[in-house]
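[1] could you work out the structure for the sequence below:
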Amino acid sequence: METGGGNSLGGDFVGPGLYGYLPEERFREMLLTERKRTERSGDPFVLALVDISDLLCVSDFSGVLGVQKIMESLGENVRETDIRGWYERKRILGIVFTEIRGPDRNIFSEKIRKQVERVLGGWVRGQVEISVYSFPSDKKAGSTETLLTFYPEADRSKRRGLSLMAKRGIDILGAFLGLVIFSPLFLLIPFLIKLTSPGPVFFSQKRVGQGGDLFTFYKFRSMYIDSDDSIHRDYVSRLIKGDIQEQKVYKISADPRVTAVGRFLRKTSFDELPQFLNVLRGDMSLVGPRPPIPYETAQYSLWHIRRLMECKPGITGFWQVEGRSSTTFDEMVRMDLQYSRKRSLLLDLKLILKTPLALLTARGAY
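    Numbers count the residues shown, from 1 in each chain. Here you go, the predicted model:
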């Protein structure tokens, strides 16, 4: 008997293939392909999700009949270019309406809602939940739920239970060892910071984590207090757009906001040490993409968003070791995506072991 998908009747009569609906794995592959197409072309599409799980929990046969009516009716009212299937097996139906432009998105959304309501006929109203999303959305880095809807590969990565547990175990052990090994610096650095400039020892800032979630990010303070971030905002905007010829990611050389001690901390990356606390809290991993500031993600192209989806952000990572800050922004994103595709515990260990050499050479650090 199926579990988590309603009663046994639902398992027998609303399975994959009925009325041309693709099975979950195939539908999500098609959704991924459509999203990548839109990332290249910019032509939007609409995803409609119809949650019929409550109908399948109806004790008699009427719930299954209602689901079959919905599936048949929706199937008859989609174009040949549209894609329909199970977004979540025997629980949520999905329809991808391709190449929808402008106000047509709202028209399609309303059409879908009315069609389902007509099929329901009032007798199971309230037992079906309809959600309609468009990609790209008005807010590229919007809510986590909206973002994850379009990134089935990120959802799959979260299901890799044993691998994630092992990675989390390494994170906890590594962060604890890091705090112990560098504990003398946690005594020395605050003294140097307070000795050379007024203000707090630690700098905290909101950063964008996996799936678009915000978290509080910690560093040793390397700037004068009340520094104007407009310099960095302008720099990042021009960097992401490709208007800057010099190859520096995020870091501004000769930044007037940085203190004398701060320049040393940045050169050695000792300012990053408090992020071991972020790892212990579960906001970050030892290895992963660097977490951006929200105003950076506002400048992202569609394909850049993928670097936020599949992995927790990390203290070190592929571009930090291989490219440091001497890469263009697009090259950095490609490195992050390459890590997401190839990541493994062995790769993580290799990058962790290579990190000290990258710090000692201090390539591209400012």
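[2] show me the contacts for the residue lying closest to Arg28 once chain neighbours are set aside.
    Nearest residue to Arg28, sequence neighbours excluded (CB to CB, 6 or more residues apart in numbering): Pro152, at 3.7 Å. Backbone N, C-alpha and C define where each C-beta goes, glycine included. Residues in contact with Pro152 (CB atoms under 8 Å, 6 or more residues apart in numbering) are 28-29, 31-32.
[3] in space, what's closest to Gly288 - neighbours in sequence excluded?
    Closest to Gly288 by CB to CB, 6+ apart is Gly314, at 2.9 Å.
[4] wait, the one you found sits on Asn278?
    No. Applying CB atoms under 8 Å, one finds Gly314 not in contact with Asn278, separated by 9.8 Å.
[5] any shared contact partners between the two?
    Common neighbours of Gly314 and Asn278 (CB under 8 Å, 6+ apart) are Met284.
[6] which element is Val46 on?
    Here Val46 sits within strand 45-51, counting by DSSP states H and E.
[7] just the buried positions in that strand, please.
    Buried positions in strand 45-51, judged by neighbour count with 16 or more other CB atoms under 10 Å: 45-51.
[8] quick one: the contacts of Pro152 as JSON lines, columns for distance to Val258, secondary structure and pLDDT too.
    Shown next, in JSON lines, are the contacts of Pro152 (distance: CB to CB, whole Å; DSSP: H, G, I helix; E, B strand; the rest coil; pLDDT from 0 to 100):
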{"residue": "Arg28", "distance to Val258": "45", "secondary structure": "helix", "pLDDT": "90"}
{"residue": "Glu29", "distance to Val258": "47", "secondary structure": "helix", "pLDDT": "90"}
{"residue": "Leu31", "distance to Val258": "44", "secondary structure": "helix", "pLDDT": "92"}
{"residue": "Leu32", "distance to Val258": "42", "secondary structure": "helix", "pLDDT": "89"}
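[9] make CSV out of the residues you listed and add neighbour count.
    Converted to CSV, the contacts of Pro152 look like this (neighbours: other CB atoms under 10 Å):
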residue, neighbour count
Arg28, 21
Glu29, 15
Leu31, 24
Leu32, 15
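[10] circling back to that earlier point, chain center to whichever helix or strand comes after the strand holding Val46, what's the gap?
    Sequence order places helix 53-56 as the next helix or strand after strand 45-51, per DSSP H and E. Centre-to-centre, helix 53-56 and its host chain are 30 Å apart (CA atoms, centre = their mean, to the nearest Å).
[11] got it, and stretch 225-237?
    24 Å.
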